[in-house]
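K.L.:
prediction below, plus the sequence it came from.
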Amino acid sequence: MNNTSPPQQQISMEQALAQAHAHWNAGQADQAERLCQHVLAIWPGQSDASHLMGLMAHAYGNLPVAIDHLQRACQAPRVPATYLSNLAEMCRQAGRLADAEAAGRRAIAIDHTLVAGWNNLGIILQEAGKLDESLTCLEQVVMLKPEYAEAQNNLGNTLKRLGRLDDARRHYEAALQLVPTYAEALSNLSNLLTDLGQQDLAVRYARQAIDINPRLADAYINAAAAEQSRGNDEETLRWIDKLLSFQPQHVGALVVRSVPLRRLERLEEALDTARRAATFAPDNGEALVAMGEALQALGRTADALAAYDKATKLPGLALEKALVNRGICLMEVGERDAARAAFEQVLASFPRSVAAWFNLADLVTFKAGDPAIASMAALLTPGGIEVPGDRIALHFALGKALLDTGETDGAFRHFAEGNRLKRATINYNPDDVSGWLQAISAAFPASAFDPSGFAEAGADADLPVFVVGMPRSGTTLVEQVLATHSQVQGGGELSTLSQLVGRLGPYPAILERMGPAELAGLSEQYLSRVRPQANGRRRFVDKMPSNFFYAGLIARAMPQSRIIHVRRNPADTCLSCYTKLFTREQQFTYDLTELGRFHGDYEQLMAHWRAVLPPDRFLEIDYEALVSDFEPQARRLIAFLGLEWEPACLEFHKTRRIIRTASVNQAREPIFTGSVGRARRLAPYLAPLLAALGTQELLTASAPDAEAKPRRTARKPKAASEPVA
Amino acid sequence: MDFKEIELKAPALLAAGRGAEVEAMVAPLLSNGGGPAPLWAFLAQALRVQCRIAEAARVQEMLVDALPGHVSTRFDLAESLLALGEYERGWREYSYRYSLNHTYRIERKVQLPRWDGRPIPGKVLLIHDEQGYGDTFQFMRMVSWAKARSGAQVILEVNHETHSLATRMGGFDALTLRGELPPAFDLHCEMMSLPMVMGLKLSDLPGTIPYLSPDPARVQHWRKRLAGVGGLKVAVVWAGRPTHFNDANRSMTLASLAPLAQEGVTFLSIQKGPSEGDVAKPPPGMKIIGLSSEIRDFEDTAAILTVADLLISVDSSPVHLAGALGRPAWVMLPFLPDWRWLLNREDTPWYPSVRLFRQPAWGDWPGLVRKVAGALAELRAAGPGKRPA
């Protein structure tokens, strides 16, 4: 930049300021700064000059210095409202929401007609979670200046956070009508479409936003969110990594990144990425929540709770999530009363928190007339919850609550609706699945179990114990019993094996290419992943039920490992599946006919495994037998693991272990027989299922008296051996 | 060879023009179509260094698709696309030139909106030049086009050095100097964003030539000064501004021009900067007059180019001045030339009076100089009054 003569001494302060502004308008920062400094030398802290210095620092990306200048500018007794409004926005950008709100409120107090002031305060309040007030501000702006695209977009954001999705969409579209290349509005609309379950369109809008502005971080986050909501973890990571490639310290990206990592069981990475987010933004509630979730997944409950507690003390939108997660965390370690209190605390502040209702419904047993039931039902009426995924969760929660109270008609109306809505979001072809399961059988003929084709066994080759079966068949209970033993580490439901197999190529076709070396490689990879989680114990339980797909592969790759198949009455199992909304994609449980058919396919595959697997490595246990005649069955399990019996195994429910499956609240009960034979009682609602299963199954089941009230074994361990039905 | 080793070795090899070796290093790691982005970036550079720009562009497009927010990749892609004459996307990607880590702070942060190419009658449009003098000379032609397209009052802002030449150009309503407070305006546009917002195509070039003219008084002065010089008068420049990022590849020495020396040719050194003193020790047999110390500004350069028969120059601002004046110029280009000279052609759509000589291989100035010497001999043989081209 070329030098111009310095401002002459005789120039008046007004002239100097006017020139400074004109220079800055023309992008001539040096000249503008020189004039500002000239003014500030004569009048230190002069408001207009300080303000302009702040705007320039902001334009060059120096936010702290900018705020510093603006705070000085705003000390003037007759400070213009605009300066306060600009200070408010910069404080918001710096994450200083309290300062931002204070400045924003001062701005509109001084000038009630300042459109930018209402707008800035509106987004500050939105970020602070004060959504009703935010709405008031932004509606005011849109009224004063309907052609203000940014305000339409901001109003859309607040409406979206209020759950008013249709209204939000209208305002985003209004913004885009005004400015079709408005990247932020495209990105926000993308996010809204994810909530509406339209992921394809959501990704398309996010892409469009990125085409217009490749540096728009939110568009990457929203593309990632769309992929995440359809369970596409790898694609989610790809979008986030695109963003991190140019903004490696983006807190939101790091927060989002921790979720797929957690789901892919890369837990240490998930924690690391969340911790980095929290380091860059110590006051960011979302970062603390992400850290808590990673810690929770790692089983570090106390640390997780501490992170959530800290998050609840920060302003912002993470509060609800932090409180809900605290409740879930308490639920997982069996602190039922504390968990209940936590969810009730959430609902006191956020009566529309579907996550809180859903978990509360799972936790408590409702009595007829419980006001919670009416509250949940009200959320499904017009003006209630609009997010489709949340409505599905409410239907399941209400179904569960009404089932508790014995209002079975109502309960099944909600289950039917919840399942129907959920099924509509899933691509599932039962013919393909039947064919796949048959192909698995065919890929493992008896001759495949000739020990010469097995992988070589390493030193701790007998570490893994796989507990498999249908979901809701009692695998959690079996793991819980095993894990009470001092030499057994429970590992929970791991997707490790399916991930490792998936990497090799399409299963079971890959079998053709797998010789002893490949099998040994798979074994070593699996062992190296689980070994660190085993805490030095002799057995490690992986209770991913769907590992039954791989039972033959497990036996060939890890011939020293053990497989336990948990069996349960088919109708009871399927009923339990049908009444559950799974957190992970479990695609076959949302239609009674498909569910029955899947169960038949599963039984066929298990019959095949029974015929071909080495009997000393494969044990089958009946859930009904376990709950009605506990000790002998528990002894059978421990003996199968090649371990000495320990009396503590009778007190499995006291284990302070973390349970993180759909069965979280049952496994905490001492032996619970209430769900045995439940399907018989509810048969009228299950006709398509029973037809698909064949009624034979139901009639021959070793179900106890169908009319028996749910009974529990006494709390004393010995009582478990008493007949309960 | 693994990634770490490649990362260590590739940069030096690329700087030395050994693209084929780097290509051979990375290719095995990329053979299955996967591989980390930095390796693909090395491949793109390796292809560029071999002047295989079309192939490089396809890799860069893939990288941009994978990492859309990585703007330096976008800028690299812009250079390839513009060199290929793929102007539509090329100019768009070129708009990221101020989003790079080292350029963000030098972007002029004008607080009023950028013109988007649509008519804005009744408004005032500020068009401001950017960094290099050559850029300004090359893109000044678009000012009158922008005025016609926008229907606006146009203020042209240029640097001090090009100011008086701009004064005579016309096509604007007011002229202002960089650093001075411009008159009030409504919208702005960087001079080199005009191609993007106006959708400049190759077929739009060159427009009216000449669009710059010398100062008659200066021409008279230089005619007198050079009256005693007989034969072919060839102005010569062998080095560009040393601070230019690519100067090592585009600049040469006076000594390396020795083969150009021949009977009946007098060279006029208009070289400016640290190597202008080379003229004191010319190669044997070369008749050369050093004019550098007498050149006060671009007005003198323009007048000399008007009086001389030809300019022979490396890729530097006098080339653009000659082209804008419609004066004959021969440009000596490195193997991997700047995007503005396109590829595989001896002419340029930007300037009908300019002829291009390209290095036949990386760093091969001698091969290029031989070709220039041959062309010069032909020109001299054709006799006086024959326009070189």
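P.N.:
That came through fine.
K.L.:
tell me where the stretch 151-300 of chain B has helices.
P.N.:
If DSSP state H, counting those that start in this stretch is used as the criterion, the helices of the stretch 151-300 of chain B fall at B:163-169, B:194-198, B:216-225, B:247-250, B:298-307.
K.L.:
what's the second one packed up against?
P.N.:
Which is helix B:194-198. helix B:87-94, helix B:142-150 (3 or more Cβ pairs under 8 Å, 6 or more residues apart in numbering or on different chains; DSSP states H and E). (C-beta placed from N, C-alpha, C; glycine too.)
K.L.:
picking up where we left off before, TSV for the helices of the stretch 151-300 of chain B, including mean neighbour count and distance to residue B:74?
P.N.:
Listed next are these as TSV, based on neighbours: other Cβ atoms under 10 Å in any protein chain shown; distance: least, Cβ to Cβ, whole Å:
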stretch	mean neighbour count	distance to residue B:74
helix B:163-169	18	31
helix B:194-198	20	13
helix B:216-225	15	43
helix B:247-250	17	22
helix B:298-307	24	33
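K.L.:
show me how far the helix or strand bottoming out on mean pLDDT in chain B is from its chain's centre.
P.N.:
Using mean pLDDT, DSSP states H and E, the weakest-scoring helix or strand in chain B turns out to be helix B:247-250, at a mean of 82. Relative to the centre of its chain, helix B:247-250 is centred 12 Å away, using Cα atoms, centre = their mean, to the nearest Å.
K.L.:
which residue sits closest to the residue of the stretch 201-350 of chain B found nearest chain A, ignoring its sequence neighbours?
P.N.:
Chain A sits closest to residue B:297 of the stretch 201-350 of chain B, with a gap of 14.2 Å, by Cβ to the nearest Cβ. Of all residues not flanking residue B:297 in the chain, residue B:161 sits nearest, at 6.2 Å (Cβ to Cβ, 6 or more residues apart in numbering or on different chains).
K.L.:
next, count neighbours for the one you found.
P.N.:
Around residue B:161 there are 15 other residues, counting by other Cβ atoms under 10 Å in any protein chain shown.
K.L.:
do the one 10 residues further on as well
P.N.:
Around residue B:171 sit 19 other residues, with neighbours defined as other Cβ under 10 Å.
K.L.:
domain parsing for chain B?
P.N.:
Per automatic domain parsing, the domain ranges recorded for chain B read B:3-95, B:124-200, B:216-380.
K.L.:
make JSON lines out of the ones you listed and add distance to residue A:102.
P.N.:
Shown next, in JSON lines, are the domains of chain B (distance: least, Cβ to Cβ, whole Å):
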{"stretch": "domain B:3-95", "distance to residue A:102": "34"}
{"stretch": "domain B:124-200", "distance to residue A:102": "36"}
{"stretch": "domain B:216-380", "distance to residue A:102": "48"}
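K.L.:
buried ones in stretch A:216-234?
P.N.:
A:216-230, A:232-233 (16 or more other Cβ atoms under 10 Å in any protein chain shown).
K.L.:
my error: substitute stretch A:612-625 in the last question.
P.N.:
A:612, A:613, A:617, A:618, A:619, A:621, A:622, A:623, A:624.
K.L.:
quick one: list the elements packing against the helix ranked longest in chain A.
P.N.:
In chain A, with assignment by DSSP state H, the single longest helix is helix A:592-612. The contact analysis (3+ Cβ pairs under 8 Å, 6+ apart) places helix A:592-612 against helix A:430-443, helix A:551-557, strand A:562-567, helix A:570-578, strand A:618-622, helix A:687-693.
K.L.:
contacts for the second one?
P.N.:
Outside helix A:551-557, the residues that touch it by Cβ atoms under 8 Å, 6 or more residues apart in numbering or on different chains are A:440, A:443-444, A:448-449, A:453-455, A:464, A:466, A:468, A:497, A:501, A:507-508, A:511, A:519-520, A:522-523, A:526, A:547, A:561, A:563, A:565, A:609, A:612-614, A:617-618.
K.L.:
got the helices and strands packed on helix A:592-612 as a markdown table, with distance to residue B:185 and mean pLDDT columns?
P.N.:
Shown next, in a markdown table, are the helices and strands packed on helix A:592-612 (distance: least, Cβ to Cβ, whole Å; pLDDT from 0 to 100):
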| stretch | distance to residue B:185 | mean pLDDT |
| --- | --- | --- |
| helix A:430-443 | 65 | 94 |
| helix A:551-557 | 72 | 93 |
| strand A:562-567 | 77 | 96 |
| helix A:570-578 | 69 | 92 |
| strand A:618-622 | 82 | 95 |
| helix A:687-693 | 73 | 88 |
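K.L.:
what sits against residue 221?
P.N.:
Assuming you mean chain A. By Cβ under 8 Å, 6+ apart, the contact set of residue A:221 is A:239, A:240, A:243, A:252, A:253, A:256.
K.L.:
hmm, no, I was thinking of chain B.
P.N.:
residue B:303.
K.L.:
what's the distance between it and residue A:364?
P.N.:
100 Å (Cβ to Cβ, to the nearest Å).
K.L.:
ok, for the residue nearest to the spatial centre of chain A, nearest residue in space, not its chain neighbours?
P.N.:
For chain A, the residue nearest the mean C-alpha position is residue A:259 (6.8 Å; Cα atoms, centre = their mean). Excluding the flanking residues, the one nearest residue A:259 by Cβ to Cβ, 6+ apart is residue A:228, at 6.2 Å.
K.L.:
mean confidence score for the host helix or strand of that neighbour?
P.N.:
Per DSSP states H and E, residue A:228 falls inside helix A:217-229. In this model, helix A:217-229 has an average pLDDT of 95.
K.L.:
up against chain A, what does the stretch 151-300 of chain B have?
P.N.:
By Cβ under 8 Å from any Cβ of the partner chain, the residues of the stretch 151-300 of chain B that approach chain A are B:159, B:160, B:177, B:178, B:179, B:180, B:181, B:182, B:184, B:185, B:188.
K.L.:
wait, the third one touches residue B:160, no?
P.N.:
This means residue B:177. Yes: Residue B:177 is within contact range of residue B:160, at 6.0 Å (criterion: Cβ atoms under 8 Å).
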